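>>> Kindly generate the corresponding structure for this input.
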Amino acid sequence: MENGSLSEFLARGGAEEIKKGGGTRRFFRAPFRGVPAVFCFYDDEKEENRYYAGIARFLKRIGVPAPEILRDAPAENLIVMEDLGAADLRSLARGNSSERSRAYRSALEGAARLHRFAPEDLGAGTPIMRDGFSRAYYKWERDYFLENALDDGLKIPLSAREREALEAELSAVADFLLALPPQLVHRDFQSENILWKDGAARFIDFQGMRVGTGWYDAASLIFDPYVEISETERRALFAFYCGETGVPADAAAEKNLRLAAAQRLMQALGAYFFLSEKKGKPHFRAHAFPALENLVAVSAGTLPRLHALAEKMLARERELSSRRNISNHENKIV
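The predicted model follows:
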């Protein structure tokens, strides 16, 4: 296919749709000029979708694993890219533990390569990308969490005084993360966005790349709600990432990871409830429980107000989940 809309593409037949993710983009596997390819059709909902091709070329140029762009057609809202296969880090969760370990280390190695780039390292070849993390953006993430997960999803009331105290604690987290050295970050560095092909991790869905702290990416993967990771594995991945970035694996680094994880998990929980309750994608609700468990764990001993709230939210989600299971069972009986 060289030109045409999504409807014209579908009319040709022979394409396999890849149903994955919570966005509005649509992905298909089909040949392109005789080679296996993935066709990505997007709408104008998010401007960052138009950044994908430029960022992919930039990442390949600096040695960060990304798919080759075969065609970039912004006038058609279309990107055609190299097909990296269907195996992602999430699909490796139930497989060979040795292969999974290699895959995760390969992913963190690639992330560390990206995180070596600071704003002053970027020259004329820098792609168009989103504005960097800021106080306003971190506040948007925590407001997204409070609105969608706490207020609308779990309907747990907080008094004005409780909200004020929580906001002060979470605002301090943002200030802490903003004080860390600025680096390029993927921004959505979770298991479904890291493919495993030919013994190496490859990155996708990096259109949200921006300047932030690399700990946000590391925390996104190490505390990913999509995959069950033991505490032993987490500590090993933390130590590996520290080694790749030349940072001592000490209490200071662990604090960086835990606070970044708290911030990231709030964003993820906001997304899970928003997508399940407001966008008609109920399967995302299943990820809320492990995300809340992770939030309880990372906030313990460091963020007392968030920790207490996360425990309340976890108990509420456990109660609601039990009710849903009973209701589903009764419906099956009827």
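>>> Make sure Val80 is indeed in a strand.
Yes. Counting by DSSP: H, G, I helix; E, B strand; the rest coil, Val80 falls inside a strand.
>>> Give me the pLDDT value at it.
If you check Val80, the pLDDT there is 97.
>>> which ones are touching it?
1, 32, 37-40, 69-73 (Cβ atoms under 8 Å, 6 or more residues apart in numbering). For glycine as for every other residue, the C-beta is placed from the backbone atoms N, C-alpha and C.
>>> Could you identify the most distant pair in these?
Using Cβ to Cβ, those reach their maximum pairwise distance at Met1 and Ile69, which is 15.2 Å.
>>> remind me, longest helix of the chain?
Longest helix in the chain by number of residues (criterion: DSSP state H): helix 304-333.
>>> helices and strands around that one, which ones?
helix 160-178, helix 288-299 (3 or more Cβ pairs under 8 Å, 6 or more residues apart in numbering; DSSP states H and E).
>>> so for stretch 247-264, what's the average pLDDT?
98.
>>> Can you point out the buried residues in it?
253, 256-264 (16 or more other Cβ atoms under 10 Å).
>>> now do stretch 127-139
127, 129-130, 133, 137-138.
>>> Give me the distance between the most centrally placed residue in the chain and Asp224.
For the chain, the residue sitting closest to the mean C-alpha position, by Cα atoms, centre = their mean, is Asp188 at 2.9 Å. Separation of Asp188 from Asp224 (Cβ to Cβ, to the nearest Å): 11 Å.
>>> Asp44 too?
Asp44 is 30 Å from Asp224, by Cβ to Cβ.
>>> So between the two, which is more surrounded?
Each of Asp44 and Asp224 has its neighbours counted (other Cβ atoms under 10 Å); Asp224 has more, 27 against 9.
>>> Please name the nearest non-neighbouring residue to Leu180.
Nearest residue to Leu180, sequence neighbours excluded (Cβ to Cβ, 6 or more residues apart in numbering): Thr213, at 4.3 Å.
>>> show me the residues around the one you found that make contact.
Contacts of Thr213 (Cβ under 8 Å, 6+ apart): 133, 177, 180-183, 185, 256, 260.
>>> Helix, strand, or coil at the nearest residue to Ala291 once chain neighbours are set aside?
Leaving aside its chain neighbours, Ala291 sits nearest to Pro225 (3.9 Å; criterion: Cβ to Cβ, 6+ apart). For Pro225, the secondary structure call by three-state DSSP comes out as coil.
>>> How about Gly23?
Here Gly23 is coil, with the state taken from three-state DSSP.
>>> Run a quick neighbour tally on it.
15.
>>> all numbers from here: first residue = 40
All set: I'll call the first residue 40, so the last point we hit is now Gly62.
>>> Could you give the backbone dihedrals for it?
Dihedral pair for Gly62: phi -90, psi -170, per degrees, to the nearest 10.
>>> ditto for Asp111
Here the main-chain torsion angles of Asp111 (degrees, to the nearest 10) amount to phi -120, psi 110.
>>> follow-up on the earlier one: out of the contacts of Thr252, name the ones that lie in strands.
Counting by DSSP state E, the contacts of Thr252 place 222, 224 in strands.
>>> between the contacts of Thr252, which is nearest Glu358?
Ala299 (29.5 Å).
>>> Would you agree the closest one is in contact with Gly251?
No. Taking Cβ atoms under 8 Å as the definition, Ala299 is not a contact partner of Gly251, at 9.2 Å.
>>> Now list whatever residues contact both of these two.
In contact with both Ala299 and Gly251: Leu216, using Cβ under 8 Å, 6+ apart.
>>> Report pLDDT for Ile372.
53.
>>> My error: substitute Phe313 in the last question.
Per-residue pLDDT puts Phe313 at 98.
>>> Gly53 too?
We have a pLDDT of 86 for Gly53.
>>> burial count for it?
Close neighbours of Gly53, defined as other Cβ under 10 Å, add up to 9.
>>> Surely it is in contact with Arg68?
No. Gly53 lies out of contact with Arg68 (Cβ under 8 Å); the separation is 9.6 Å.
>>> check contacts around the closest residue to Arg129 other than its chain neighbours.
Nearest-residue entry for Arg129: Ser230, 3.9 Å, with adjacent residues in sequence omitted and distances by Cβ to Cβ, 6+ apart. Under the criterion of Cβ under 8 Å, 6+ apart, the neighbours of Ser230 are 127-129, 132, 260, 263, 265-266.
>>> again, only this time at 7 Å
Contact partners of Ser230, counting by Cβ atoms under 7 Å, 6 or more residues apart in numbering, are 127-129, 263, 265-266.
>>> Would you mind measuring from it to Glu55?
For Ser230, the distance to Glu55 equals 22 Å [Cβ to Cβ].
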